[in-house]
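In: Here's my sequence, what's the structure:
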Amino acid sequence: MSSTPAPSTASAVDHGKPDNEELLGRVTKQLGRVPNLYAALASGPAALEGYLAMRDHLTRGVLRPRLREQLALLIAQENECTYCVSAHSFRGGLIGLTEEQLRATRDGHDADPHADAVLGLARAIVHTRGRVTDADRAAAHAAGVTDAEQAEIVAHIALNTLSNYYNHLARPELDFPEVRA
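Out: Model prediction:
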């Protein structure tokens, strides 16, 4: 699979999309730069704006930042998205996840029982397209996974699947250290 260069921030702004400058400015403010995924997604300003809005809302949810990052990494692995596995492995390292913890996350596990249950449920949701068993839900509840967390897990799956699938389609140039999915 070849990768194509992502549009630059300037070309994303110049192609008759006046909202892009503001949207990409928000990305820069949040992340310190515009990763190639976001520059590519800017070709559809409504898609980028929807992605950013959902991501922003989920940062104010009940799931802790570390667990949100782990979900992003797990979902990228499940969707075999090398771009996002690379990006979230990099970001995971920045928040203190060790190489061993990153690998365990990609396999759907964590040493913390609650985080392990969240990741296990997320993996089951992806594999069953949301049709998890009563036993899966009961196990998650027994580990303390709340209904609010379950709702956010599904929202994170949707958000990250959007970026994973768009990466598969657009094939932006990888701008993180590569970690193969």
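
In: For the closest residue to residue 122 other than its chain neighbours, which residues are in contact?
Out: The shortest distance from residue 122 to any non-neighbouring residue, by CB to CB, 6 or more residues apart in numbering, is to residue 153 (5.1 Å). The way it works is simple: take the backbone N, C-alpha and C, and place the C-beta from them, glycine included. By CB atoms under 8 Å, 6 or more residues apart in numbering, the contact set of residue 153 is 63, 71, 118, 121, 122, 125, 145.

In: can you do 10 Å?
Out: By CB atoms under 10 Å, 6 or more residues apart in numbering, the contact list for residue 153 reads 63, 67-68, 71, 75, 118-119, 121-122, 125-126, 140, 145.

In: Just the residues you listed: which are in helices?
Out: 67, 68, 71, 75, 118, 119, 121, 122, 125, 126, 140 (DSSP state H).

In: and which of those is nearest residue 100?
Out: Ranked by distance to residue 100 (CB to CB), these are led by residue 119 at 14.7 Å.

In: Okay, and the closest residue to the closest one other than its chain neighbours sits in which element?
Out: If the residues on either side of it in the chain are set aside, residue 119 comes closest to residue 108, at 4.8 Å by CB to CB, 6+ apart. Using DSSP states H and E, residue 108 sits within no helix or strand.
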